[in-house]
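Enquirer: need coordinates for the below:
(4 chains)
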There are 2 protein chains.
Amino acid sequence: MSEAITMSSSRPKQRIYAHLAEIASALGHPHRLELLELIAQGERSVEELAERSGLSIANTSRHLQILRRARLAEPRREGKRMLYSLISDSEVITLLGSLGRVGERNVAEVERIISSYFRARDALEPVSRDTLLERLHGGSVTLLDVRPADEFAQGHLPGAINIPLAELDAALARLPKDTAVIAYCRGPYCVLSYEAVAALRLKGREAYRLEEGYPEWKAAGLPVEA
Amino acid sequence: MSEAITMSSSRPKQRIYAHLAEIASALGHPHRLELLELIAQGERSVEELAERSGLSIANTSRHLQILRRARLAEPRREGKRMLYSLISDSEVITLLGSLGRVGERNVAEVERIISSYFRARDALEPVSRDTLLERLHGGSVTLLDVRPADEFAQGHLPGAINIPLAELDAALARLPKDTAVIAYCRGPYCVLSYEAVAALRLKGREAYRLEEGYPEWKAAGLPVEA
DNA sequence: TGAATATTCAATCTATTTGGAGAATGATTG
DNA sequence: CAATCATTCTCCAAATAGATTGAATATTCA
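Expert: Numbers count the residues shown, from 1 in each chain, chains lettered A, B, ... in the order given. Model (predicted):
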């Protein structure tokens, strides 16, 4: 029997798989996926991450340690704060994108949530990156970033206007009335842009949602403004 | 405070992340990564998987249930056997590839194992898919599949000769003496082809390792033979 | 030193891994 | 059709690992 060989009980492979499993485990908790989405916008302190994710500070810190040990994120100290960022942002964002694609394709409920919430029938069908580039080139379109101001400040799509979702009603005047609006936010599962589009449509504006967010744009190597 | 909005405590997102976390958790154990590598060669029964992974049947079955609930693999019944296969093989293989790339890039020890074991200095530097295609086109190269015969039978690269690693010494005659050999096996971390190359070089043959395996080739949409 | 941030600890609760025993399912045979 | 066999799944029990909170402990700044 060639079992000893066929069995592939090889040391180097198993050591590699042990590390890869640690990375996958680190992605294996909803809170950590959300933390990664937040960190992907730019470096952020533990306190901010706790506030935006709704977790306690201690728990946030604990989760961050796990991301850190798996080499997905890394902190740097700035005064009393620890600012976390992704380690190879574009590789990590690609990995998260791939995870999402498997979910959308293989898990019926994910597909259901996406098509019922993020891709409403009619004209809410999201705009792809290529379509956006085309329409920006054509001219008459306003690109709207609805993330909080500090996330916008750390990087955004070239030419985008920042109006955080909470201020959208008050700041409507800053959006040209006669051009279509394309809104984006943190990523494919972030609902800020979805809600912005709904709100704008209620006001009679022509609005669409970009199907990806700032991190994916940046990971694709497209130019960003800071 | 716009916390309720900024906090992104949105239902649809959290439901999606719960599913994605389940998928990631399913990848979060070395044994399951190895099972996936085996399943990626083609459908396989619980017994075969247990034998090749070195796990007990009960444990193998348990792990397979987890892959099943995460919608990464699926069984079909054939007589008394349950044959497991990947659900969207090319998406799943892409995900595994992306996981591997993050590991190679971010985890120093993974990079170390790979370059010391899989990429020995000199001429053992692995051959890329493009190089393979080029050299196949050029003619004088023998493509060698060193996986077990049943895996070969379920699909292999066009024109490949199958000599399972265990039989390599005995079957040396089947390899043309004057052309270089490029060997491949189950995937980037599979050691069969590595050992085949080492063995062939001991016999004075010119041999190289393809840096990817059959599943990656197939997932890339390239033609396969069965 | 005191205030602000982040990490670690202790405690608790829950989930995962594993082998072994046995149940369930489907094939085979008398 | 019953009896038997092969294969897979489930349940059990013990060990291990993970998640969460509040309290205690660093670390830095003023």
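Enquirer: give me the secondary structure label for the most centrally placed residue in chain A.
Expert: Geometric centre of chain A, nearest residue: A:Gly187, 3.0 Å, by C-alpha atoms, centre = their mean. Reducing the assignment at A:Gly187 to three states with DSSP: H, G, I helix; E, B strand; the rest coil gives coil.
Enquirer: list the buried residues of the longest helix along chain A.
Expert: Among the segments of chain A that qualify as a helix by DSSP state H, the longest is helix A:89-106. Residues A:89, A:91-106 are the ones in helix A:89-106 that count as buried (16 or more other C-beta atoms under 10 Å in any protein chain shown). For the C-beta atoms, the positions are set from N, CA and C on the backbone; glycine is no exception.
Enquirer: then stretch A:71-91?
Expert: Those would be A:71-75, A:82-89, A:91, for stretch A:71-91 by 16+ other C-beta under 10 Å.
Enquirer: what about that stretch, start to end distance?
Expert: 12 Å (C-alpha to C-alpha, to the nearest Å).
Enquirer: do the same with stretch A:202-216
Expert: Terminal residues of stretch A:202-216 are spaced 28 Å apart (C-alpha to C-alpha).
Enquirer: can you give me the buried ones in it?
Expert: Applying 16+ other C-beta under 10 Å to stretch A:202-216 flags A:Arg205, A:Ala207, A:Tyr208, A:Arg209, A:Leu210, A:Glu211, A:Glu212, A:Gly213, A:Tyr214, A:Pro215, A:Glu216 as buried.
Enquirer: those in strands, which ones?
Expert: A:Ala207, A:Tyr208, A:Arg209 (DSSP state E).
Enquirer: near DNA strand C, which residues of chain A?
Expert: By C-beta under 7 Å from any atom of the strand, the residues of chain A that approach DNA strand C are A:45-47, A:57-58, A:61-62, A:64-65, A:75, A:80-83.
Enquirer: repeat that with 10 Å
Expert: Counting by C-beta under 10 Å from any atom of the strand, chain A comes close to DNA strand C at A:21, A:25, A:28-29, A:44-51, A:56-65, A:68-69, A:74-75, A:77-84.
Enquirer: so how do I select the buried members of those in ChimeraX?
Expert: For the buried members of these, the matching ChimeraX selection, counting by 16+ other C-beta under 10 Å, is:
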select /A:21,25,28,29,44,45,46,48,49,50,51,60,63,64,74,75,82,83,84
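Enquirer: low-confidence regions, chain A specifically.
Expert: A:1-10, A:120-124 (pLDDT under 70).
Enquirer: not counting the following helix or strand past the longest helix of chain A itself, show me its contacts.
Expert: The helix or strand immediately downstream of helix A:89-106 is helix A:108-113, counting by DSSP states H and E. Contact with helix A:108-113 is made by A:Gly103, A:Glu104, A:Arg105, B:Pro12, B:Arg15, B:Ile16, B:His19, B:Leu20, as judged by C-beta atoms under 8 Å, 6 or more residues apart in numbering or on different chains.
Enquirer: turn the residues you listed into JSON lines, columns for distance to DNA strand D.
Expert: As requested, these are exported to JSON lines (distance: C-beta to the nearest atom of the strand, whole Å):
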{"residue": "A:Gly103", "distance to DNA strand D": "18"}
{"residue": "A:Glu104", "distance to DNA strand D": "23"}
{"residue": "A:Arg105", "distance to DNA strand D": "22"}
{"residue": "B:Pro12", "distance to DNA strand D": "19"}
{"residue": "B:Arg15", "distance to DNA strand D": "15"}
{"residue": "B:Ile16", "distance to DNA strand D": "17"}
{"residue": "B:His19", "distance to DNA strand D": "15"}
{"residue": "B:Leu20", "distance to DNA strand D": "14"}
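Enquirer: quickly name whichever of those residues is closest to DNA strand C.
Expert: B:His19 (13.2 Å; C-beta to the nearest atom of the strand).
Enquirer: can I take it that that closest one is in a strand?
Expert: No. Assigned with three-state DSSP, B:His19 falls outside any strand and is helix.
Enquirer: which residues touch it?
Expert: A:Gly103, A:Val107, A:Glu109, A:Val110.
Enquirer: widest-spaced pair of those residues?
Expert: A:Gly103 and A:Glu109 (9.2 Å; C-beta to C-beta).
Enquirer: can you pick the most crowded of the contacts of B:His19?
Expert: The most crowded member of those is A:Gly103, carrying 27 neighbours; neighbours defined as other C-beta atoms under 10 Å in any protein chain shown.
Enquirer: isn't that one right up against B:Ile16?
Expert: Yes. When contacts are counted by C-beta atoms under 8 Å, A:Gly103 is listed as touching B:Ile16 (7.0 Å).
Enquirer: now do stretch A:138-147: distance to the chain's middle.
Expert: How far stretch A:138-147 lies from its chain's middle: 18 Å, per C-alpha atoms, centre = their mean, to the nearest Å.
Enquirer: can you check stretch A:168-175 too?
Expert: The answer for stretch A:168-175 is 24 Å, by C-alpha atoms, centre = their mean.
Enquirer: then stretch A:93-111?
Expert: Offset of stretch A:93-111 from its chain centre (C-alpha atoms, centre = their mean): 13 Å.
Enquirer: how about stretch A:137-157?
Expert: With C-alpha atoms, centre = their mean, you get 14 Å for stretch A:137-157.
Enquirer: give the buried residues for that stretch.
Expert: Under 16+ other C-beta under 10 Å, the buried positions of stretch A:137-157 are A:141-148, A:151-152, A:154, A:156-157.
Enquirer: first vs last residue of it, how far apart are they?
Expert: End residues of stretch A:137-157 are separated by 14 Å (C-alpha to C-alpha).
Enquirer: is there proximity between it and chain B?
Expert: Yes. Applying C-beta under 8 Å from any C-beta of the partner chain, one finds stretch A:137-157 touching chain B at A:Pro148.
Enquirer: let me know the closest of the buried residues of stretch A:71-91 to DNA strand D.
Expert: A:Met82 (9.5 Å).
Enquirer: can I get the CA coordinates of stretch A:147-156 in PDB?
Expert: These are the backbone C-alpha positions of stretch A:147-156, laid out as PDB (Å, rounded to 0.1, in the frame of the first residue of the first chain):
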ATOM      1  CA  ARG A 147     -19.600  57.800   5.000                       C
ATOM      2  CA  PRO A 148     -18.800  59.700   8.100                       C
ATOM      3  CA  ALA A 149     -16.600  62.700   7.500                       C
ATOM      4  CA  ASP A 150     -13.400  61.200   9.100                       C
ATOM      5  CA  GLU A 151     -13.600  58.100   6.900                       C
ATOM      6  CA  PHE A 152     -14.000  60.400   3.900                       C
ATOM      7  CA  ALA A 153     -11.000  62.400   5.000                       C
ATOM      8  CA  GLN A 154      -8.800  59.400   5.100                       C
ATOM      9  CA  GLY A 155      -9.400  58.600   1.400                       C
ATOM     10  CA  HIS A 156     -12.200  58.700  -1.100                       C
END
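Enquirer: perfect, that will be all.
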